[in-house]
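A.B. asks: coordinates only, sequence not included:
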C-alpha cells in the first residue's frame, strides 16, 4: 500500500482504460535516484528501488510500477527525434534515439525523457518552487525469450 501511495504521489495516478495488450512493452526500468530541487539546492530523497514498466502505442507512453499496471501515468509524446545529452567525459552534446512526453494533470506538469538506457520523469508542481526528478536505469530482460520478443 505504501508503494502504491508513493506512486500516486510521484506519478499522479492517471488510470487508463487501455490495457497493456494494446500497447507495446518498451522496457523495464529501476529507480536509480529521486531528488528534489529547491532554488539552487538539491535534496536526495531516499527510497527503495522500484521497478517501472513502460508501454507505448506510438502516441502515448504509459509508465507504471511493476504490479500496479492499473495506476499509471500517461505521457503524450511530443518529440521522438532523439534526446540531446552531454557526452561522458567531453563537453560536446550528442543526440541519442529517444523521445520526450508531457503529462498535465491537476495543475502539475510532468515531463518524460526516455531512451533505451534511461527514463527520467521531472515533476513541476504548479504552485511550488520545488521540482522533483526521478531517474531510472534500464533493466536487461529477465529471460532469453524476452530478449528476442518483438
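C.D. replies: The structure has been received and is ready for your questions. Keep in mind the model is a prediction, meaning the values are calculated, not measured.

A.B. asks: what's around the nearest residue to residue 131 once chain neighbours are set aside, how many residues?
C.D. replies: The shortest distance from residue 131 to any non-neighbouring residue, by CB to CB, 6 or more residues apart in numbering, is to residue 37 (4.3 Å). C-beta coordinates here come from the backbone N, C-alpha and C atoms, glycine included. Neighbours of residue 37 under the rule other CB atoms under 10 Å: 14.

A.B. asks: can you give me the strands for this protein?
C.D. replies: With DSSP state E as the definition, the chain shows strands at residue ranges 14-15, 24-38, 41-44, 51-56, 60-65, 71-79, 83-86, 93-96, 99-105, 108-114, 118-125, 130-138.

A.B. asks: ok, back up a step: ok, now which ones touch the residue nearest to residue 131?
C.D. replies: 43, 130-133 (CB atoms under 8 Å, 6 or more residues apart in numbering).

A.B. asks: quick check: bridge partners of the closest residue to residue 103 other than its chain neighbours?
C.D. replies: Leaving out its chain neighbours, the residue that sits closest to residue 103 by CB to CB, 6+ apart is residue 110, at 4.2 Å. Residue 110 forms beta bridges with residue 103, residue 123, as assigned by DSSP bridges.

A.B. asks: so residue 110 versus residue 122, what's the distance?
C.D. replies: In this view, residue 110 and residue 122 are 7 Å apart by CB to CB, to the nearest Å.

A.B. asks: who has more neighbours, the two?
C.D. replies: More crowded of residue 110 and residue 122, by other CB under 10 Å: residue 110, with 24 against 15.

A.B. asks: check contacts around that one.
C.D. replies: Contacts for residue 110 (CB under 8 Å, 6+ apart) come out as 11-12, 73, 75, 102-104, 121-124.
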